[in-house]
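Undergrad: predicted coordinates and the sequence they were generated for:
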Amino acid sequence: MILEQVDDEAATVSPPPNFGMVDKGVYRSGFPDAASFAFLRGLGLRSVVYLCPEPYPEANAEFLKDQGIRLFQFGIEGNKDPYVSIPVDAIMGALRVLLDVRNHPVLIHCKRGKHRTGCLVGCFRRLQNWCLSSVFEEYHRYAAGKSRLSDLRFIESFDVTCMRDCMLSLIYRYHDCLRKSKRLLYEVR
């Protein structure tokens, strides 16, 4: 009887597929389902960055509403065609959400947490000055053998100076103290 209760609790608190921590207060995953809601509740999320163009399912939207979690949707089409590019504006918009600590803790997800999420996280890593080999290694780890050359090319060619120039219009402040996190916080004017 006691073992059954422990098993039931463990079954209800499971992470979404392909879940991982990107940075303090920034998480990534595949599409969460009802079984992962208790786990997500435990993260104390403030925001979700959803990278698919399809409408957010009603059950998930209701969960976000009940928890007071804000949804940011950037409709990036899933595409295997190596000649179709990822919209830079969508990635830059999503990066702005990630850089604003007022949105933390934040979960980034697409359907499987591999390609679209991998591209966004790869560009985030580029902003963090990671070397490309480390960025690609992380991408490959989450893509689980289904890496796309077009994604890797996008990450490699992503112009971090474009994002930095875009951020010049933002007000820079260190979050907490110099000894702690140095993520940027911006205010909307």
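TA: Here it is on my side, so go on. Residues are numbered from 1 along each chain as shown.
Undergrad: do you know how far A34 is from M92?
TA: The spacing between A34 and M92, counted by C-beta to C-beta, to the nearest Å, is 32 Å. C-beta: built from backbone N, CA, C; applies to glycine.
Undergrad: please read the previous query as pertaining to N60.
TA: Counting by C-beta to C-beta, the gap from N60 to M92 is 25 Å.
Undergrad: neighbour-wise, which of those two wins?
TA: Shown here are N60 and M92; by other C-beta atoms under 10 Å, N60 has more neighbours (21 against 17).
Undergrad: how far away is that one from F19?
TA: In terms of C-beta to C-beta, N60 sits 15 Å off from F19.
Undergrad: which element, helix or strand, includes the residue nearest the centre of the chain?
TA: For the chain, the residue nearest the mean C-alpha position is I108 (2.3 Å; C-alpha atoms, centre = their mean). Secondary structure assignment for I108, by DSSP states H and E: strand 106-109.
Undergrad: strand partners (parallel or antiparallel) of that strand?
TA: According to DSSP bridges, strand 106-109 has the following sheet partners: strand 26-29 (parallel), strand 47-50 (parallel).
Undergrad: neighbours around A59, how many?
TA: If you count neighbours by other C-beta under 10 Å, A59 ends up with 11.
Undergrad: surely it and S36 touch.
TA: No: the pair A59 and S36 fails to qualify as a contact (C-beta atoms under 8 Å) at a distance of 11.6 Å.
Undergrad: let's verify N60: helix, strand, or coil?
TA: Using DSSP: H, G, I helix; E, B strand; the rest coil, the structure places N60 in helix.
Undergrad: for it, give me its contacts.
TA: P32 (C-beta atoms under 8 Å, 6 or more residues apart in numbering).
Undergrad: also the one 10 residues further on?
TA: Contact analysis of R70 by C-beta under 8 Å, 6+ apart lists R46, S47, V48, L64, N103.
Undergrad: gap between R102 and G20?
TA: From R102 to G20 the distance is 23 Å (C-beta to C-beta).
Undergrad: cool, and I91?
TA: Relative to G20, and taking C-beta to C-beta, I91 is found at 19 Å.
Undergrad: which one's more surrounded, these two?
TA: In terms of neighbours (other C-beta under 10 Å), I91 is the more surrounded of I91 and G20; the figures are 23 against 15.
Undergrad: what is the most widely separated pair among the contacts of R70?
TA: L64 and N103 (13.1 Å; C-beta to C-beta).
Undergrad: what ranges of this protein fall below the confidence cut-off?
TA: 1-12, 79-84, 164-189 (pLDDT under 70).
Undergrad: what does the one helix or strand Y142 maps to contact?
TA: According to DSSP H and E, Y142 maps onto helix 132-143. Outside helix 132-143, the residues within contact range by C-beta under 8 Å, 6+ apart are 18, 20, 28, 113-115, 117-118, 121-122, 125-126, 147, 151-152, 155-156.
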